[in-house]
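In: sequence? don't have it. structure:
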């Protein structure tokens, strides 16, 4: 079955610093998603990739967030500069026939 | 636009009791509906989904949900709770015709199971 590895597991930074998260799908899937989950809320979609290309980034704060997917496999999400309100868990997911497989996420704390 | 409201951020039941987690949705088009479960330090896992067809949907671990269009609801139930069911549960909706990963999630319900 499909799986998703994410790193790091935890990250603590100060506001205005930069941070990057990695997503490594264990099995190949054309579609990859990044979600942001703020404490006490459900996950919110940030960006969707189809192979190397961005399909939907309408909810990505593009002034500070960026993402890329190399060779249609691994993906990185970057925040530069970080704000206090960016504290959240960042989830990567891959899709297969109406079923999403989520990684365990990266928990970001911005101080 | 789609939205999901989960009634009750915390639900507590005794082991062996009925589990009922409530979810109401809003969608301008026929919805696809999902329940995901998140155990501590793990990724979200799909419990069950409704796309088309039978409105009573059975999922893993003995859970089921019924799509009621007239009530715009998709409540999750399990006849007898087990200690291992303790987790956070998320209801999600997707508009038909959109990408299958473009889900709108509710805020989640934490289920506690007492011995």
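Out: Thanks, I have it. What you see is a predicted model, and the numbers here were worked out from it, not measured in a lab.

In: from now on I want contacts and neighbour counts done on CA atoms only, so please keep to that.
Out: OK.

In: bridged to residue A:67, which residues?
Out: Beta-bridge pairing for residue A:67 (DSSP bridges): residue A:77.

In: all the strands of chain B, residue numbers only.
Out: For chain B, applying DSSP state E gives strands covering B:3-7, B:10-14, B:19-26, B:31-38, B:45-50, B:56-58, B:64-68, B:73-78, B:87-95, B:104-105, B:109-114.

In: okay if I get those as TSV plus distance to residue A:48 and mean neighbour count?
Out: Listed next are those as TSV, based on distance: least, Cα to Cα, whole Å; neighbours: other Cα atoms under 10 Å in any protein chain shown:
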stretch	distance to residue A:48	mean neighbour count
strand B:3-7	19	19
strand B:10-14	31	15
strand B:19-26	23	20
strand B:31-38	19	22
strand B:45-50	19	21
strand B:56-58	28	16
strand B:64-68	28	20
strand B:73-78	26	22
strand B:87-95	14	25
strand B:104-105	14	24
strand B:109-114	26	20
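
In: same list, those, but as CSV with distance to chain A and mean pLDDT please.
Out: Listed next are those as CSV, based on distance: least, Cα to the nearest Cα, whole Å; pLDDT from 0 to 100:
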stretch, distance to chain A, mean pLDDT
strand B:3-7, 10, 95
strand B:10-14, 11, 97
strand B:19-26, 13, 96
strand B:31-38, 9, 94
strand B:45-50, 7, 94
strand B:56-58, 14, 95
strand B:64-68, 17, 95
strand B:73-78, 17, 98
strand B:87-95, 7, 93
strand B:104-105, 5, 94
strand B:109-114, 9, 97
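
In: partner residues bridging the nearest residue to residue A:54 once chain neighbours are set aside?
Out: Nearest residue to residue A:54 in three dimensions, chain neighbours excluded: residue A:48, at 6.0 Å (Cα to Cα, 6 or more residues apart in numbering or on different chains). Counting by DSSP bridges, residue A:48 forms beta bridges with residue A:33, residue A:56.
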